[in-house]
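In: Show me the folded form of this:
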Amino acid sequence: MDTISDTIIKIKNASNAGHESVSLPHSALRVSILEVLKKEGFIKSFKDRMVGGKKALVAELIFEEARLATGRKAPKIKGVERLSKPSKRVYKKSSEIRPVKNGYGTLVVSTSLGVMSGYEAKKSGLGGEALFAIW
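Out: From the prediction side, this is the model:
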């Protein structure tokens, strides 16, 4: 599995399971993705840690005030969709970037200036590889 898919699926699964945090292997791409998710309000924060002698990122997750029927807190992240894959890359011009789920979600784009949200890319007039959508 590629780095991006691994990152977003681990975060989504930990959130759905009710975990307060999730540990991910450290990489520069993961740091960029976590910065966007923090800025967009999908995670509280993230920190570098040493886990088992290896550098890791620990992300603190956000939950909504509402409770599920099971009594657990409702996760902030409702779903994710991987758009660009190693087998099929998806590129978007700035004019092609649209809101995700009528503005309730975020498109994460890799541009020439780094990884950023679709809103920031469109505002800057930049296109790039559409990595994933999260809502």
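
In: Low-confidence stretches in the chain?
Out: For the chain, no stretch is flagged by pLDDT under 70.

In: could you pull out the helices for it?
Out: Applying DSSP state H to the chain gives helices spanning 3-17, 28-39, 118-124.

In: Redo those as CSV? Include distance to residue 65 and mean neighbour count.
Out: All C-beta atoms are positioned from the backbone trio N, CA, C, and that covers glycine. Shown next, in CSV, are the helices of the chain (distance: least, Cβ to Cβ, whole Å; neighbours: other Cβ atoms under 10 Å):
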stretch, distance to residue 65, mean neighbour count
helix 3-17, 15, 18
helix 28-39, 20, 18
helix 118-124, 25, 19
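
In: Looking at those, which is nearest to residue 57?
Out: helix 28-39 (5.8 Å; Cβ to Cβ).

In: Kindly calculate the angle that the closest one makes with helix 3-17.
Out: 40 degrees (axes from the mean of the first three to the mean of the last three Cα atoms, to 10 degrees).

In: what distance separates helix 28-39 from the centre of its chain?
Out: Helix 28-39 sits 7 Å away from the centroid of its parent chain (Cα atoms, centre = their mean, to the nearest Å).

In: Can you tell me which helices and strands that helix packs against?
Out: Using 3 or more Cβ pairs under 8 Å, 6 or more residues apart in numbering; DSSP states H and E, the elements in contact with helix 28-39 are helix 3-17, strand 43-51, strand 54-61, strand 106-111, strand 114-117.

In: Which of the ones you listed sits closest to residue 128?
Out: Across these, closest to residue 128 is strand 106-111 (Cβ to Cβ), at 3.7 Å.

In: As a markdown table, the helices of the chain with distance to residue 80 would be great.
Out: Listed next are those as a markdown table, based on distance: least, Cβ to Cβ, whole Å:
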| stretch | distance to residue 80 |
| --- | --- |
| helix 3-17 | 5 |
| helix 28-39 | 10 |
| helix 118-124 | 14 |
